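Colleague: Predicted model, plus sequence, below.
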Amino acid sequence: MTHPRCGLAAASPSRGRRQRTGKAGSAAAAWLGRQVLRGLTALFALFVLGPAQAGEERTPRPVIERAIKGEQCVADTASMRRNHMDMLKHQRDDTVHGGIRGAKFSLAGCIDCHASAKTHSVAQAPTDFCVSCHSYAAVRIDCFECHSSKPSAVALQTKP
């Protein structure tokens with residue numbers, strides 16, 4: 001069909017764009033598909049196979065020493081692992097705001113039982129009770145910025 005004024009062919013429905021024949025487009029799609037497949041393979045190797053290769057470089061599981069004193073903790077092991085921070089915070093609030101000292105979940109009670117036989121502390125060496133788990137879990141311990149990490153009898157003996 002020609003344009004009535006100038007005799008040129010009328011614009012095609014594609015508005016001057018080249019129509020795809022399927023040949024050039026399929027080569028580009030195949031190349032793109034290969035690139036995506038390579039990327040997915042690399043991600044698979046990185047996230048699935050990588051950790052299996054790096055087993056020796058992972059942080060070792062904490063070695064928890066048995067408590068020096070007492071036969072049983074103030075709560076069962078699973079509960080203490082999950083909730084000890086809440087118990088300590090609640091006790092902290094009772095102590096600071098209510099003046100209640102020496103209760104069941106006191107930090108001093110934990111330290112008295114769980115201080116290492118070697119270092120006499122819960123936070124001095126990497127294998128001490130608090131530090132071993134907190135390092136494994138990548139959790140910062142800020143209790144001992146103010147509080148002693150040693151039992152009261154040992155702390156009194158080591159002061160200058």
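Modeller: Yep, that arrived.
Colleague: I'd say K69 and C113 touch.
Modeller: Yes. The pair K69 and C113 qualifies as a contact (Cβ atoms under 8 Å) at a distance of 4.7 Å. For the C-beta atoms, the positions are set from N, CA and C on the backbone; glycine is no exception.
Colleague: Those two - which one has more neighbours?
Modeller: The neighbour count for K69 versus C113, taken as other Cβ atoms under 10 Å, is higher for C113 (16 against 10).
Colleague: Could the C-alpha coordinates of the one helix or strand S26 maps to be exported in PDB?
Modeller: S26 belongs to helix 23-44 when assigned by DSSP states H and E. Taking Å, rounded to 0.1, in the frame of the first residue of the first chain, the C-alpha atoms of helix 23-44 are listed here in PDB:
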ATOM      1  CA  LYS A  23      16.700 -17.200  14.000                       C
ATOM      2  CA  ALA A  24      18.600 -14.300  15.600                       C
ATOM      3  CA  GLY A  25      16.400 -14.200  18.700                       C
ATOM      4  CA  SER A  26      16.900 -17.900  19.400                       C
ATOM      5  CA  ALA A  27      20.700 -17.600  19.400                       C
ATOM      6  CA  ALA A  28      20.600 -14.800  21.900                       C
ATOM      7  CA  ALA A  29      18.100 -16.700  24.000                       C
ATOM      8  CA  ALA A  30      20.300 -19.800  24.000                       C
ATOM      9  CA  TRP A  31      23.400 -17.700  25.000                       C
ATOM     10  CA  LEU A  32      21.400 -16.100  27.800                       C
ATOM     11  CA  GLY A  33      20.100 -19.400  29.000                       C
ATOM     12  CA  ARG A  34      23.700 -20.800  29.100                       C
ATOM     13  CA  GLN A  35      24.800 -17.800  31.100                       C
ATOM     14  CA  VAL A  36      22.000 -18.200  33.600                       C
ATOM     15  CA  LEU A  37      22.700 -21.900  33.900                       C
ATOM     16  CA  ARG A  38      26.400 -21.200  34.600                       C
ATOM     17  CA  GLY A  39      25.400 -18.700  37.300                       C
ATOM     18  CA  LEU A  40      23.000 -21.100  39.000                       C
ATOM     19  CA  THR A  41      25.600 -23.800  38.900                       C
ATOM     20  CA  ALA A  42      28.200 -21.500  40.600                       C
ATOM     21  CA  LEU A  43      25.700 -20.500  43.300                       C
ATOM     22  CA  PHE A  44      24.800 -24.100  43.900                       C
END
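Colleague: Thanks a lot, see you next time.
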